[in-house]
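>>> Curious how this folds, go ahead:
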Amino acid sequence: MLGLPETDKSLVIRTDYSSQGAWKELCRRIEATNNDGFRAYVAYYDDPVLANRGVVELVELAKSGPFRTFFFVVDTEAITHPEHPVLVVDVSDEPGRTFRVVPAAMWSVENNLSLSNMDFSEFADSVNDDGIFRGFG
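I've put the predicted structure just below:
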């Protein structure tokens, strides 16, 4: 049976395998520390068995494994869009609800959701008109 790994970090799931170079560059951007010393604390799940899997299937997979309230997905849009917005998926409050976040703002989403400082909806309701969260203010 397919299952997601147990980890104390937030999970980034890869579903697009079109470019290894783009994947590595996106991982580098996700892991970058900002000017204030903040970074996203993530673990990567890089298994081609998840290629092209959709949100509904990933949510069900997440629910069957270790408890988590959200996860990130590096899909085709994250790989090909100029800003590389990563998909953020709610597993807890509104399972399957999504928004996108640019890598430079992932630390804010990851840190605050992991610590329950903020709710998923606070980020999802703060996206720009294009559905991408680029930070507050």
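
>>> hey, let's count contacts and neighbours off CA atoms from now on
Will do.

>>> Which parts of the protein are strands?
10-14, 42-45, 70-74, 86-90, 98-101, 132-133 (DSSP state E).

>>> I'd like those laid out as JSON lines, including mean neighbour count and mean pLDDT.
Converted to JSON lines, the strands of the chain look like this (neighbours: other C-alpha atoms under 10 Å; pLDDT from 0 to 100):
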{"stretch": "strand 10-14", "mean neighbour count": "22", "mean pLDDT": "95"}
{"stretch": "strand 42-45", "mean neighbour count": "17", "mean pLDDT": "94"}
{"stretch": "strand 70-74", "mean neighbour count": "24", "mean pLDDT": "97"}
{"stretch": "strand 86-90", "mean neighbour count": "24", "mean pLDDT": "98"}
{"stretch": "strand 98-101", "mean neighbour count": "24", "mean pLDDT": "98"}
{"stretch": "strand 132-133", "mean neighbour count": "22", "mean pLDDT": "98"}
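
>>> And the pLDDT at Glu6?
The model reports Glu6 with a pLDDT of 76.

>>> With Val56 as the reference, name the closest of the strands of the chain.
strand 86-90 (9.8 Å; C-alpha to C-alpha).

>>> List the contacts of the closest one.
55, 59, 69-75, 77-78, 95-103, 120 (C-alpha atoms under 8 Å, 6 or more residues apart in numbering).

>>> of all the strands of the chain, which lies closest to Ala124?
That would be strand 98-101 among the strands of the chain, by C-alpha to C-alpha, at 5.6 Å.

>>> Please enumerate the helices of the protein.
If DSSP state H is used as the criterion, the helices of the chain fall at 20-31, 55-63, 76-80, 106-114, 120-124.
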